[in-house]
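[1] Sharing a sequence plus its predicted fold:
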Amino acid sequence: MIGMRMGMGLGAAMPVLTESDVYVFTNQEAEDYVAAFSSEPTDAVKEAIDDLVTALKSTNVGETPTNFFAKLDCLYLFYMAHDTAADTLINVIDPSGTGIGPAVLGKGGDEYPTWAAKAGFTTDREQQNYINTDFAYVASGDSKTKYSTHATDGSSFGLVQHADAPADSYYNVGAREGTAIIRINSRDSSDNPGTTHHAGSSSWAALKNTSTRYIISTRPTGSNQACITENGNQSAAIAEDVIPTNALFIGARNYTTVDLHKTTYPAIFFAGSGLTIAEATALIGIFSDYLSK
């Protein structure tokens, strides 16, 4: 914020403006994102966002510089040291909302998902509330207005949670259209943590792990898909199946109705083109660094 200094003397004090307190963004994308906020965040928040965008635009995967920002269609930073929950629903990749976003809170009961700074949202199973990400894997020629620009370039989506998922955490992220299903389950039917699915009704990529915090489901370019969680484990690749075109919901399944509500703790959500396992692992590291600020 522009500082003001009061002059000294016998006359009326006159303000002198200085630019010394204005945060200077390194990345135009970060500046555009923050400019869409309804209330101005602190410089610390601006810097954290700026640093995140820097990492997304150029992080080495092995020895190859990788632009994750160009691979993503949407990125929601629900975790933020800010005081306005609505600002965290803005899509970092498209802050104007002309394509995908903003995300929209929904409810089946009396209350919307709750939010806390430096944590994120909490969807409540009993209140049947959820978050509509406004993201779907839909080809550009489809009649729907929202779509993935990477629909023919593999696909991936991921959820970072600010708390461990409770038992029976099916459909922490999910959509279904006919027999086509994509979803993230933080736990399986036996309450084992860290299972994720990305396929249709007849074939699944699934992985048991020790964590429910970071889960990415990815189908790299080609005919196979796999899953990854935060310790670098991955499932075996399986044949690609049909993908639904319904928007992905967090904390529920988006089907003919909104159902299968689950308590979920979203801190970050993203979706976009397919990632290799090495890329998914690097992206987890980038998000982990952001969450430490």
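    Looks like it came in fine.
[2] What segments of the stretch 51-200 of the chain are strands?
    59-61, 64-66, 72-77, 104-107, 114-116, 120-122, 129-132, 155-161, 173-177, 180-187, 193-200 (DSSP state E, counting those that start in this stretch).
[3] could you check the angle strand 180-187 makes with the helix or strand just after the last one?
    Proceeding N to C from strand 193-200, the next assigned helix or strand is strand 214-219, under DSSP states H and E. With axes from the mean of the first three to the mean of the last three CA atoms, to 10 degrees defining the directions, strand 214-219 sits at 160 degrees from strand 180-187.
[4] rewinding a little: mean neighbour count and mean pLDDT added to the strands of the stretch 51-200 of the chain, as CSV?
    For the C-beta atoms, the positions are set from N, CA and C on the backbone; glycine is no exception. Shown next, in CSV, are these (neighbours: other CB atoms under 10 Å; pLDDT from 0 to 100):
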stretch, mean neighbour count, mean pLDDT
strand 59-61, 14, 94
strand 64-66, 13, 92
strand 72-77, 26, 94
strand 104-107, 18, 96
strand 114-116, 15, 97
strand 120-122, 25, 97
strand 129-132, 25, 96
strand 155-161, 27, 88
strand 173-177, 24, 87
strand 180-187, 25, 81
strand 193-200, 24, 60
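[5] Among those, which comes closest to Thr218?
    strand 155-161 (3.7 Å; CB to CB).
[6] re earlier: could you dump the strands of the stretch 51-200 of the chain to CSV with distance to Leu291?
    Converted to CSV, the strands of the stretch 51-200 of the chain look like this (distance: least, CB to CB, whole Å):
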stretch, distance to Leu291
strand 59-61, 16
strand 64-66, 20
strand 72-77, 10
strand 104-107, 22
strand 114-116, 14
strand 120-122, 10
strand 129-132, 18
strand 155-161, 7
strand 173-177, 18
strand 180-187, 17
strand 193-200, 18
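[7] of those, which approaches Leu260 most closely?
    Leu260 lies closest, by CB to CB, to one member of those: strand 173-177, at 7.1 Å.
[8] Contacts for that closest one, please.
    Contact with strand 173-177 is made by 136, 157, 159, 181-184, 244-250, 252-255, 260, 264, 269, as judged by CB atoms under 8 Å, 6 or more residues apart in numbering.
[9] hang on, the earlier thing: just so I know, which of the strands of the stretch 51-200 of the chain lies nearest Asn233?
    Nearest of those to Asn233, taken as CB to CB: strand 193-200 at 7.9 Å.
[10] For the residue nearest to Gln128 when sequence neighbours are not counted, list the residues it contacts.
    Spatial nearest neighbour of Gln128, chain neighbours left out: Gly108 (3.0 Å); criterion: CB to CB, 6 or more residues apart in numbering. Contacts here follow CB under 8 Å, 6+ apart; on that basis Gly108 touches Gln127, Gln128, Asn129, Val258, His261.
[11] Now, these that are in helices?
    Among those, no member falls in helices (DSSP state H).
[12] Tell me the one of those nearest Ser169?
    Proximity of the contacts of Gly108 to Ser169 (CB to CB) peaks at His261, which lies at 11.0 Å.
[13] so how far is Pro113 from the closest one?
    11 Å (CB to CB, to the nearest Å).
[14] tell me, what's touching those two both at once?
    With CB under 8 Å, 6+ apart, His261 and Pro113 have common neighbours Thr123, Asp124, Asn129, Tyr130, Gly251.
[15] need the contact list for the first one.
    Taking CB under 8 Å, 6+ apart as the criterion, Thr123 is in contact with 113, 129-131, 250-252, 261-266.
[16] Give me the neighbour count for the spatially closest residue to it that is not a sequence neighbour.
    Spatial nearest neighbour of Thr123, chain neighbours left out: Gly251 (2.9 Å); criterion: CB to CB, 6+ apart. Neighbourhood size, Gly251 [other CB atoms under 10 Å]: 31.
[17] quick one, what contacts the closest residue to Ser96 other than its chain neighbours?
    Setting aside the residues directly before and after it, Ser96 is nearest to Ala36 in space (CB to CB, 6+ apart), at 7.0 Å. Ala36 makes contact with Asp87, Ile90, Pro95, Ser96, according to CB under 8 Å, 6+ apart.
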